[in-house]
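Peer 1: Structure of the sequence below:
(2 chains)
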Amino acid sequence: MALAVRIMVVDDEETICEALKAWFLKDGHQVATALSGSEALGLMQDSPCDIYIIDVKMPGMDGIELLSRLKELHPEALVIMMTAHGTIETAVEAMKRGAMDYLCKPFDPDALSLLMERILAHKALRDENLALKEQLSEHHEGFFDVFIIHSEPMRKIFATIGEVARSSAPIFITGETGVGKDMVARAIHLQSERANGPFLAVNCGSLSESLLESELFGHEKGAFTGAVKARRGRLEMANNGTLFLDEVGEISPKMQVSLLRVLEEKSFVRVGGSQPIGTDFRLISATHRDLPPLIREGQFREDFFYRINVITIHIPPLRERLEDIPVLADHFLKRYVEETAKHLEGFTQKALGLLSTYHWPGNIRELRNVIERAVVIARGRMIGAEELTFLSPTTTVCSLGPMTLEELEITHIKAALDACRGNISRAAKQLGVDRSTLMRKMKRYHLARS
Amino acid sequence: MGSVDALAVSIVAANLQTVIGVNADARAPLPEPDYAFLPGRRQYTAGKILTTLESLTDSARFRLGVTQVDLCTPILGFVYGESQLGGKAAVISLYRLADQNLERMYLRAAKIGLHETGHLLGIGHCRTPDCLMNFASNLAKLDIIPLRFCGACEYEVARSLKHCFGSG
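Peer 2: Numbering: from 1, shown residues only, chains lettered A, B, ... in the order given. Predicted coordinates for the structure are as follows:
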């Protein structure tokens, strides 16, 4: 089944509902039926469908009124009207109110088959359009940064991406924070046969277990306090596309079991629901953590690890591919020069030396933030060492000799705060963490703004 | 069911045996399905025939009716066959399969019989054009489909048979 959708059939004749349900089930779709307009409205509020097939003549609320109410609630819904007594007037009225097509009962098998093909193609095109819009917005947030490469290790990685993208095997990406694991995942998706489908990313580390469960599995109306209406989860939305689980090392063992079941059975049940929903997605996972020790400690399930780790791609940190630093720095410089309309021509040799000797714990994200800051404060035509002085303290720290991780973190946070003159938001950006994360660390280490 | 071409019944049964691998016995004909006649449409509603087939008391795991009458459903103007998805009963009609070339007609009957039996085994429609589980809405499409399942459906058939009968 290439594209399974949720369909609701609304007709006051039960035999019609059952016959259409049987037909659509054989096509692999999920089908709900309602014998009246009011029953349909109740059902669609709890669990909206993709396509509605509505009889025009029904006692109480007729099909045309239901169509209007439905379009108010779900403007994106695709609706086909049907009647046993079709007239041109009702057909025109239905189309005016947003119906996609109009069928006279009984239908010719060819007509129903062709209509469904047309509607599914329309839906696929619309979904693709939404996915492309989302991808375009991602491009502006630095999609191409990760592809500015010069070094041999990264060239090999991109050759691997080209080779593995077309398979459907799960991919496991490892690498430090800020190396661009999410962008590599997106690149794999764009080169895969699912490129026209959605790419959905979930940061597993930023959500509590219950929120992550709801985000992934979706929920039915009333599943928990606050679940005022049904919601589709990422597992459902990723159908025919790619699901990217970032920071997969943060997922609890309980959730790992649930996800393992989804990967085995290719179906799941929404939180608070009972109906299995089929889904077909390619899984890409990523983590900055070393999972084997977590497996030995019992914090990460071995079976889940082997299920998600069929093909591994390791992205080396920036300090291990120094050749990429000048090209990346130049790329960011051009971007921020364009944004700020400043006349900057490049970097002095001293500045390039400083950039190449720094150890870049925040990787590409940190380099980008550093260049952005340097562009803002630059006064001359070149970015010199004086615009990058805030890189020096950490370099010095490294040369001080052995330190605990905590001491190193304190020193680095202090340096970032000093460089940003106590501006926490800017310091957080430079460090490549959320503002709240930095605030929490400052509180823990009793650090003041300056 | 009723007056029907006995050779067509034998050919359908033989193909069930060779393509799917199930034992298919042709039983004594049932009476004409007059109970399913719809005077307004001058056709026979397939659903009622399925209910009758389902209620038969014999040891067969699946029942596939073959009829000469024109079948329809409440929504479709006609059907070549109808079945209960994952159920017990299916029916096919020879009415619209007729052709001057008898061999072609029997081949069409075999394909519809295999398709509906696939549904009995719980298999839905397949998007692969050259698969017996692809939905053929007209004879031109039906004639193009070869007498075989695609790899995925073949696997599903084997899996389902194993589930039903305990072996491939």
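Peer 1: Determine how far the last residue of stretch A:83-92 lies from the first.
Peer 2: Using C-alpha to C-alpha, to the nearest Å, the gap from the first to the last residue of stretch A:83-92 comes to 13 Å.
Peer 1: Would you map the strands across chain B?
Peer 2: Applying DSSP state E to chain B gives strands spanning B:37-38, B:43-45, B:63-67, B:71-72, B:81-83, B:89-93.
Peer 1: mind listing what the second one pairs with, with the direction of each?
Peer 2: Strand pairing for strand B:43-45, using DSSP bridges, gives strand B:37-38 (antiparallel), strand B:71-72 (parallel).
Peer 1: so can I have TSV of these showing mean pLDDT and mean neighbour count?
Peer 2: For the C-beta atoms, the positions are set from N, CA and C on the backbone; glycine is no exception. Formatted as TSV, the strands paired with strand B:43-45 follow (pLDDT from 0 to 100; neighbours: other C-beta atoms under 10 Å in any protein chain shown):
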stretch	mean pLDDT	mean neighbour count
strand B:37-38	95	13
strand B:71-72	95	24
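Peer 1: Can you tell me which of the ones you listed is nearest to A:Ile54?
Peer 2: Taking C-beta to C-beta as the criterion, strand B:71-72 is the member of the strands paired with strand B:43-45 that comes nearest to A:Ile54, at 21.9 Å.
Peer 1: residue at max distance from the center of the chain?
Peer 2: Picking chain A for this. The C-alpha centroid of chain A is most remote from A:His85, which lies 46.5 Å away (C-alpha atoms, centre = their mean).
Peer 1: Can you look at chain B instead?
Peer 2: For chain B, the residue at maximal distance from the C-alpha centroid (C-alpha atoms, centre = their mean) is B:Gly40, at 25.2 Å.
Peer 1: can I assume A:Lys221 is in contact with A:Arg270?
Peer 2: No - under the criterion of C-beta atoms under 8 Å, A:Lys221 makes no contact with A:Arg270, lying 10.0 Å away.
Peer 1: quick one, which of these two is more surrounded?
Peer 2: Between A:Lys221 and A:Arg270, counting by other C-beta atoms under 10 Å in any protein chain shown, A:Arg270 is the more crowded of the two (22 against 15).
Peer 1: Report the beta-bridge partner residues of the nearest residue to the more buried one once chain neighbours are set aside.
Peer 2: Counting by C-beta to C-beta, 6 or more residues apart in numbering or on different chains, A:Gly218 is the residue found nearest to A:Arg270 once chain neighbours are left out, at 4.5 Å. Using DSSP bridges, the bridge partners assigned to A:Gly218 are A:Arg232.
Peer 1: my read: A:Gly218 touches A:Asn239, true?
Peer 2: No - the pair A:Gly218 / A:Asn239 is not scored as a contact, 11.9 Å apart, by C-beta under 8 Å.
Peer 1: Which one's more surrounded, those two?
Peer 2: In this view A:Gly218 and A:Asn239 are compared by other C-beta under 10 Å, and A:Gly218 has more residues nearby, 25 against 22.
Peer 1: Quick check: the gap between that one and chain B.
Peer 2: 23 Å (C-beta to the nearest C-beta, to the nearest Å).
Peer 1: same deal with A:Asp290?
Peer 2: If you measure A:Asp290 against chain B using C-beta to the nearest C-beta, the figure is 39 Å.
Peer 1: just to revisit the earlier point, could you tell me the phi and psi values at the residue farthest from the centre of chain B?
Peer 2: For B:Gly40, the backbone dihedrals are phi -60, psi -30 (criterion: degrees, to the nearest 10).
Peer 1: Also B:Pro39?
Peer 2: Geometry field for B:Pro39 lists phi and psi as phi -60, psi -40, criterion degrees, to the nearest 10.
Peer 1: that older thread, please tell me I have it right and the residue farthest from the centre of chain A contacts A:Lys57.
Peer 2: Yes - under the criterion of C-beta under 8 Å, A:His85 is in contact with A:Lys57, at a separation of 6.8 Å.
Peer 1: quick one on the thing from earlier: identify the residues contacting the residue farthest from the centre of chain A.
Peer 2: Contacts of A:His85 were listed using C-beta atoms under 8 Å, 6 or more residues apart in numbering or on different chains, and they are A:Lys57.
Peer 1: swap in the one 10 residues further on?
Peer 2: For A:Met95, the set of contacting residues under the criterion of C-beta under 8 Å, 6+ apart consists of A:Tyr102.
Peer 1: isn't there a helix covering it?
Peer 2: Yes - counting by DSSP: H, G, I helix; E, B strand; the rest coil, one finds A:Met95 located in a helix.
Peer 1: how about the residues of chain A near chain B?
Peer 2: A:1-2, A:13, A:15-16, A:19-20, A:22-23, A:25-28, A:105-110, A:112-114 (C-beta under 8 Å from any C-beta of the partner chain).
Peer 1: Return the per-residue confidence for residue 65.
Peer 2: Using chain A here. In the predicted model, A:Glu65 carries a pLDDT score of 91.
Peer 1: was after chain B, sorry
Peer 2: pLDDT for B:Gly65: 96.
Peer 1: Excluding chain neighbours, what is closest to the residue in the stretch 151-300 of chain A that chain B sits nearest to?
Peer 2: When C-beta to the nearest C-beta is the measure, the stretch 151-300 of chain A has its nearest residue to chain B at A:Gly278, with 10.6 Å between them. Excluding its sequence neighbours, the residue lying closest to A:Gly278 (C-beta to C-beta, 6+ apart) is A:Ser267, at 4.8 Å.
Peer 1: give me every residue that touches that neighbour.
Peer 2: Taking C-beta under 8 Å, 6+ apart as the contact definition, A:Ser267 lies against A:Pro276, A:Ile277, A:Gly278, A:Thr279.
Peer 1: Leaving out chain neighbours, which residue sits closest to A:Leu67?
Peer 2: Once chain neighbours are set aside, the closest to A:Leu67 by C-beta to C-beta, 6+ apart is A:Arg97, at 5.1 Å.
Peer 1: got the buried residues for the lengthiest helix in chain B?
Peer 2: Of all the segments assigned as helix in chain B under DSSP state H, the longest by residue count is helix B:102-120. Across helix B:102-120, burial judged by 16 or more other C-beta atoms under 10 Å in any protein chain shown covers B:105-120.
Peer 1: what's the answer for stretch B:39-49, then?
Peer 2: By neighbour count on 16+ other C-beta under 10 Å, the buried set for stretch B:39-49 is B:Gln43, B:Tyr44, B:Thr45, B:Ala46, B:Gly47, B:Ile49.
Peer 1: Closest one to chain A out of these, please.
Peer 2: Ranking the buried residues of stretch B:39-49 by separation from chain A, with C-beta to the nearest C-beta as the measure, puts B:Gly47 on top at 7.2 Å.
Peer 1: The helix or strand A:Thr15 falls within - what's its average pLDDT?
Peer 2: Element membership for A:Thr15 (DSSP states H and E) is helix A:14-26. Computed over helix A:14-26, the mean pLDDT rounds to 90.
Peer 1: The helix or strand just after that helix to helix A:14-26, inter-axis angle?
Peer 2: Note on helix A:14-26: by DSSP H and E, the next helix or strand toward the C-terminus is strand A:30-34. With axes from the mean of the first three to the mean of the last three C-alpha atoms, to 10 degrees as the criterion, the two stretches strand A:30-34 and helix A:14-26 enclose an angle of 170 degrees.
Peer 1: Can you give me the buried ones in strand A:30-34?
Peer 2: Residues of strand A:30-34 classed as buried under the neighbour-count rule (16+ other C-beta under 10 Å) are A:Gln30, A:Val31, A:Ala32, A:Thr33, A:Ala34.
Peer 1: from the residues you listed, which single one is nearest A:Ile383?
Peer 2: Of all the buried residues of strand A:30-34, A:Ile383 sits closest to A:Gln30, with 57.3 Å by C-beta to C-beta.
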